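K.L.:
please find the sequence and the predicted model below.
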Amino acid sequence: MKKTKLGEFEELVLLAVAALQQEAYGVEIKRELELRLKEKLSVGSIQSALKRMEEKGFLTSEFGEATQRRGGKRKRIYSTTSYAMRTLAEMKEIRSGLWNAMPALAHELKVI
């Protein structure tokens, strides 16, 4: 079975969606990532990543209720799939294993 690749930015967006749950919509995802990354992001980059991940089966989305605050516009709210959660768990395990391996390898590295 071919494994679907998940880029670094996609992984961050996916983690933000998982963390925000019912509040996982474009502007709030952008706000969460900007807060954590301490840098500005474009709405377009977030929307593109969300669309790609929905196409890959990592996310589903549905429209929320229209609100007066948004001028009657409805938010598209994203949710992670079980496939996404399995993939995130695998990524965490891989990264954790590599971080844990670093001290063992660190003594072999020479500073130039």
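P.N.:
That came in fine, so what should we check first? Residues are numbered from 1 along each chain as shown.
K.L.:
in stretch 39-46, what's buried?
P.N.:
Using 16 or more other Cβ atoms under 10 Å as the test for burial, stretch 39-46 gives 41, 46. Bear in mind the C-beta positions are built from the backbone N, C-alpha and C, glycine included.
K.L.:
how far off centre is that stretch?
P.N.:
13 Å (Cα atoms, centre = their mean, to the nearest Å).
K.L.:
so, low pLDDT: which residues of this protein?
P.N.:
Applying pLDDT under 70 to the chain picks out residues 1-4, 66-72, 104-112.
K.L.:
Lys40 should be in a helix, yeah?
P.N.:
No: looking at Lys40 with DSSP: H, G, I helix; E, B strand; the rest coil, it is coil, so not inside a helix.
K.L.:
in contact with it, which residues?
P.N.:
By Cβ atoms under 8 Å, 6 or more residues apart in numbering, the contact set of Lys40 is Glu34.
K.L.:
ok, now how distant is it from Glu34?
P.N.:
6 Å (Cβ to Cβ, to the nearest Å).
K.L.:
how about the strands in this protein?
P.N.:
Counting by DSSP state E, the segments of the chain that form strands are 59-63, 76-80.
K.L.:
pick the most buried one from the ones you listed.
P.N.:
Of the strands of the chain, the one with the most neighbours on average (mean count of other Cβ atoms under 10 Å) is strand 76-80, at a mean of 19.
K.L.:
same for it, what does it pack against?
P.N.:
Packing partners of strand 76-80 (3 or more Cβ pairs under 8 Å, 6 or more residues apart in numbering; DSSP states H and E): helix 8-20, strand 59-63.
K.L.:
which one of these lies closest to Ile46?
P.N.:
Minimum separation from Ile46 across these (Cβ to Cβ) falls at helix 8-20, 6.4 Å.
K.L.:
contact partners of the closest one?
P.N.:
Residues contacting helix 8-20 (Cβ under 8 Å, 6+ apart): 6, 24, 28-29, 32-33, 36-37, 45-46, 49-50, 52-53, 58-59, 78-80, 84-85, 87-88, 91.
K.L.:
I'm done for today, thanks for sticking with me.
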